[in-house]
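Visitor: What follows is a predicted structure for the sequence shown.
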Amino acid sequence: MTKDNSYSVIVLAAGRGLRVGGNIKKQFIPVRGKPLLYYPLKTITESAASQIIIVASREDVVYVEQDIVSKYSFSKVKCVVSGGAERYLSVYEGLKQVDTPYVLIHDGARACVSRDIIEAVARGAFLYRACEAAVPATDTIKLSDENGFVSMTPLRKSVWAMQTPQGFETELIMRAYEKLFSTQDTDGITDDGMLLQRAFASQQIKLIEGSYDNIKVTTPKDIVLAESILYPQKD
């Protein structure tokens, strides 16, 4: 572990998902008068993170800079950069801006992330070089074959549902991205831990227990649930 344990957080907000709010991208849907993206940025700003890099769609960069970063005085935001056509390309654009020894990567649609989770993942990155927030699966999981028949039922105690943030030694995850780009072995990549292990098969990744409240907003019902988590009713 290096003496400098400072870390950056890349917040991915380049998604084009419109299922939640019609013609409004989900990361910008208002919740109590503030865009959804405001909430993870506020939590990260209140954490020990040194800086934040936001990755947005090209057409949204100015909006994010002016109507979110400047409006709400998110002083830890180093820059807002344009993302790529795929998630891993957006992450790579964010990684180019990181100048700390560790980096966390977080989905902007996970608005309910807590400061405790952020800092636990940061500690995991310091200690293990690579870690991911996750929660134990609550349902029995089945694996299928190519014809849709059950091929395996893994033990539930060994199955975890992945979340973000995911934390890494910056040099390690950057080398993994560069290796995958050089081999063009990027098919089916859905998260950064998967990319890391595809690049370096022997690299272990520590699971850091997240929270069932750390939901990813995908459907209209998720907006209602996120609001109830962010603004719990008091008796």
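Guide: Cool, the structure landed.
Visitor: Every contact and neighbour count from this point should use C-alpha atoms.
Guide: Noted.
Visitor: what residues does stretch 93-107 touch?
Guide: Outside stretch 93-107, the residues within contact range by C-alpha atoms under 8 Å, 6 or more residues apart in numbering are 4-13, 50, 53-55, 81-84, 91, 121-122, 125-126, 164-171, 174, 216.
Visitor: Buried ones from those, can you make that a ChimeraX selection?
Guide: For the buried members of the contacts of stretch 93-107, the matching ChimeraX selection, counting by 16 or more other C-alpha atoms under 10 Å, is:
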select :5,6,7,8,9,10,11,12,13,50,53,54,55,81,82,83,84,91,121,122,125,126,164,165,166,167,168,169,170,171,174,216
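Visitor: In helices, which of the contacts of stretch 93-107 fall?
Guide: Among the contacts of stretch 93-107, the ones falling in helices (DSSP state H) are Val91, Val121, Ala122, Ala125, Phe126, Thr170, Glu171, Met174.
Visitor: and the residues you listed, which two are the farthest apart?
Guide: By the measure C-alpha to C-alpha, Val91 and Phe126 form the most distant pair in the ones in helices among the contacts of stretch 93-107, at 19.9 Å.
Visitor: about what we covered before: nearest to Pro154, of the ones in helices among the contacts of stretch 93-107?
Guide: Val121 (25.9 Å).
Visitor: Who are the contact partners of the closest one?
Guide: For Val121, the set of contacting residues under the criterion of C-alpha under 8 Å, 6+ apart consists of Leu104, Cys131, Glu132, Ala133, Pro165, Gln166, Gly167, Ile208.
Visitor: if I've got this straight, the third one is in a strand?
Guide: Going back to what we said before, that points to Glu132. Yes. According to DSSP: H, G, I helix; E, B strand; the rest coil, Glu132 belongs to a strand.
Visitor: Looking at the residue nearest to it when sequence neighbours are not counted now. What's its pLDDT?
Guide: With C-alpha to C-alpha, 6 or more residues apart in numbering as the measure, Gln166 is the residue that lies nearest to Glu132, at 4.2 Å, once sequence neighbours are left out. In the prediction, the pLDDT value recorded for Gln166 is 98.
Visitor: Pull the contacting residues for Gln166.
Guide: For Gln166, the contacting residues are Leu104, Ile105, His106, Val121, Ala130, Cys131, Glu132, Ala133, Asp192, Gly193, taking C-alpha under 8 Å, 6+ apart as the criterion.
Visitor: for the third one, which residues make a bridge with it?
Guide: When bridges are called by DSSP bridges, His106 pairs up with Val11.
Visitor: what about it, how many residues close to it?
Guide: If you count neighbours by other C-alpha atoms under 10 Å, His106 ends up with 25.
Visitor: One more: Val98?
Guide: Around Val98 there are 21 other residues, counting by other C-alpha under 10 Å.
Visitor: Correct me if wrong: Cys131 contacts Glu209.
Guide: No. Taking C-alpha atoms under 8 Å as the definition, Cys131 is not a contact partner of Glu209, at 10.2 Å.
Visitor: So which of those two has more stuff around it?
Guide: Neighbours around Cys131 and Glu209, counted as other C-alpha under 10 Å, are more numerous at Cys131. The numbers are 28 against 17.
Visitor: neighbours around the nearest residue to Ile29 once chain neighbours are set aside, how many?
Guide: Nearest in space to Ile29, with sequence neighbours left out and distances taken as C-alpha to C-alpha, 6+ apart, is Pro35 at 5.2 Å. The number of residues packed near Pro35 is 16, by other C-alpha under 10 Å.
Visitor: which residues sit in contact with Pro35?
Guide: Residues near Pro35 by C-alpha under 8 Å, 6+ apart: Gln27, Phe28, Ile29, Ile68.
Visitor: do the same with Pro136
Guide: Here Pro136 is in contact with Lys157, Ser158, Val159, Trp160, Ala161, Glu209 (criterion: C-alpha under 8 Å, 6+ apart).
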